[in-house]
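Engineer: Next come a sequence and a model predicted from it.
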Amino acid sequence: MDEGALFLKLWEKEAAATRKVLSRIPEGSDYRPDPKSRTAREIAWLIVREEIALGEGLRKGVMEWTEVPAPATMKEVLDAYDRNHDQVTEQFRGLDAARWQTRVPFMYGGQQVMNETASDNGFGFLLDIIHHRGQLSTYLRPMGAKVPQIYGPSADEPM
């Protein structure tokens, strides 16, 4: 299995758990565990933006991070996730094995901050999305929501 196929397999496997966690964030919550922390809605939006930036970047051959303010509601964030996730996944499916080995510069504020292969960028972003999903899973109970099963049963959803 080439790196692109492996990435796609893991990307698709992790998406269901990510969608479940995002869907559990209560509407109107402004919970954050510390004043320096982002709210759950802001972290959820970061996940959406990471997926979009990765998909566009690998398609174009250059990734560029731009800050886009989070929508006002979780419904809008979840709608954006639903609208964009499948499209981004299709972009990944369209990349051939050679493209996954091509370097894709990552730009932030007009400066190149990384110059990894498409595969390394993909796995890096996927791991960061999983990390932020984990953050969100720790926010859920303090917000009065239930933690879904991610890799197995949770205390809120036994098998």
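Structural biologist: Now that the structure is in, tell me what you want to look at. Predicted model, so just to flag it, every value in this text is computed and none were measured.
Engineer: use CA for all of it now, contacts and neighbours both
Structural biologist: Noted.
Engineer: which one is residue 63 nearest to, not counting chain neighbours?
Structural biologist: residue 57 (3.9 Å; CA to CA, 6 or more residues apart in numbering).
Engineer: elements contacting the helix or strand hosting the one you found?
Structural biologist: Element membership for residue 57, per DSSP states H and E: helix 40-60. Helices and strands touching helix 40-60, by 3 or more CA pairs under 8 Å, 6 or more residues apart in numbering; DSSP states H and E, are strand 63-65, helix 74-93, helix 118-140.
Engineer: ok, the residue nearest to residue 63 - contacts?
Structural biologist: With contact set as CA atoms under 8 Å, 6 or more residues apart in numbering, residue 57 has these partners: 63, 64, 104.
Engineer: Who is the last one paired with across the strands?
Structural biologist: Just to be clear, that refers to residue 104. According to DSSP bridges, the partner residues bridging residue 104 are residue 116.
Engineer: what residues are up against it?
Structural biologist: Residue 104 neighbours (CA under 8 Å, 6+ apart): 57, 58, 61, 62, 63, 115, 116, 117, 118, 121.
Engineer: what's the neighbour count on the last one?
Structural biologist: As a burial measure, the neighbour count of residue 121 was computed by other CA atoms under 10 Å and equals 22.
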